[in-house]
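Student: please work out how this folds:
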Amino acid sequence: MKWKEYPDNGKVGELSHNFPKARCEIATMETQPFMPMHFHDFDELVFILGGSAVHVVDDEEYPIIRGDVFVVRGDHKHGYTNEKNLHLANVLFQRDFFESLKVEFSSLPGFNALFVHEPFYRKKHKFKSKLHLNYQQLRKISQLLKAMIAEQNDEWLGSPALTEHTFILIVVNICRFFMEYKSPHPKALLRISTVIDFIDQNFDKQISNTLLANKANMSPDSFRYSFKKITGLSPIDYLIKLRIEKAADVMTQNNHIRVIDVAFKTGFENSAYFTKKFKEIIGMTPMTYIKKQRSMIE
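Tutor: I've put the predicted structure just below:
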């Protein structure tokens, strides 16, 4: 691992790692020295094994203690301050490796909640939905982390595959721990995460607040409150925003499509309402957007 630009005079540095063997690697499993603000070209799964600190992510400060588990996306600047005997394990993984895991495990309860939605909505829920392991869970994960280190340090030809396999075991176990967590904040995120996945996969269909609340196994009022608390949007506003984003993608790929066809394709029953919402969110009418796409390739 190396700095592309070492942080100095208040600058934010960029860390780069080439992953010489496997597509994931434990970079450290020891007391953490001072780490200046930085971002990197990989993602991290972080386990706090001991001590405490303040984790700074995009200028927001979050206290962390032994047992905390969280994901750091590489494009988010972060660092640690107020370290007190901070002992952590940083598991680095490549973005393409994560995408392959997402295909395989996105239906596993807890996966998207931990790896996708918690990092994305962290500022909204103030890091209260992070996973926290109890003593037995942390002990089990520590054993897997040590096994992963042993494999990545082994020179045998098959060790990179075993390193990745051990990382997958870690991921599957923490997804299970996320499901078992009793605290209301991660439980709420897990339920809302399931609903977000459902909306993403069915955005073009008829969807109501009642249907979504049932999917979350929550009362309608409690569901609406939790959804907005985590995402910053009401469920219906989230759905409309997603439909408009999908519509923009459709028009980018086919700039000769009719506006009314885009509206119906993305779940709108009324082209006038579609046009109104498109202008509110994108900043121009659908027809103007289509013309702009045409001009870009002519």
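
Student: what ranges does the protein have for its helices?
Tutor: Counting by DSSP state H, the segments of the chain that form helices are 95-105, 111-112, 118-120, 122-125, 135-153, 159-180, 184-202, 209-216, 220-231, 235-253, 259-265, 271-282, 286-297.

Student: quick one: least confident helix or strand in the protein?
Tutor: Lowest mean confidence among the helices and strands of the chain (mean pLDDT, DSSP states H and E): strand 2-5, at a mean of 49.

Student: which residues of the stretch 1-150 of the chain score low on pLDDT?
Tutor: For the stretch 1-150 of the chain, the stretches flagged by pLDDT under 70 are 1-12, 29-35.

Student: hmm, back to that, lowest average pLDDT across the helices of the chain?
Tutor: Ranked on mean pLDDT, the bottom entry among the helices of the chain is helix 122-125, at a mean of 78.

Student: okay, buried residues for that one please.
Tutor: The neighbour-count check on helix 122-125 (16 or more other CB atoms under 10 Å) flags 122, 125 as buried. In short, each C-beta sits where N, CA and C put it, glycine included.

Student: next: stretch 259-266.
Tutor: Residues 259, 262-263, 266 are the ones in stretch 259-266 that count as buried (16+ other CB under 10 Å).

Student: one more: stretch 215-235?
Tutor: 215-216, 218, 223-224, 226-231, 235.

Student: and the buried residues of stretch 259-266, which is closest to Phe105?
Tutor: Of all the buried residues of stretch 259-266, Phe105 sits closest to Thr266, with 27.6 Å by CB to CB.

Student: that closest one and Glu245 touch, don't they?
Tutor: No. Applying CB atoms under 8 Å, one finds Thr266 not in contact with Glu245, separated by 9.1 Å.

Student: now do the contacts for Ala247.
Tutor: 262-263, 265-266, 274, 278, 286 (CB atoms under 8 Å, 6 or more residues apart in numbering).

Student: my bad, should have said Leu242
Tutor: If you count contacts by CB under 8 Å, 6+ apart, then Leu242 has 199-200, 203 around it.

Student: and with 6 Å instead?
Tutor: Contacts for Leu242 (CB atoms under 6 Å, 6 or more residues apart in numbering) come out as Phe203.

Student: same deal with the one 10 residues further on?
Tutor: Contacts of Thr252 were listed using CB under 6 Å, 6+ apart, and they are Gln293.

Student: what is the neighbour count of Lys291?
Tutor: Per other CB atoms under 10 Å, the neighbour tally for Lys291 reads 13.

Student: I am finished for the moment; much appreciated.
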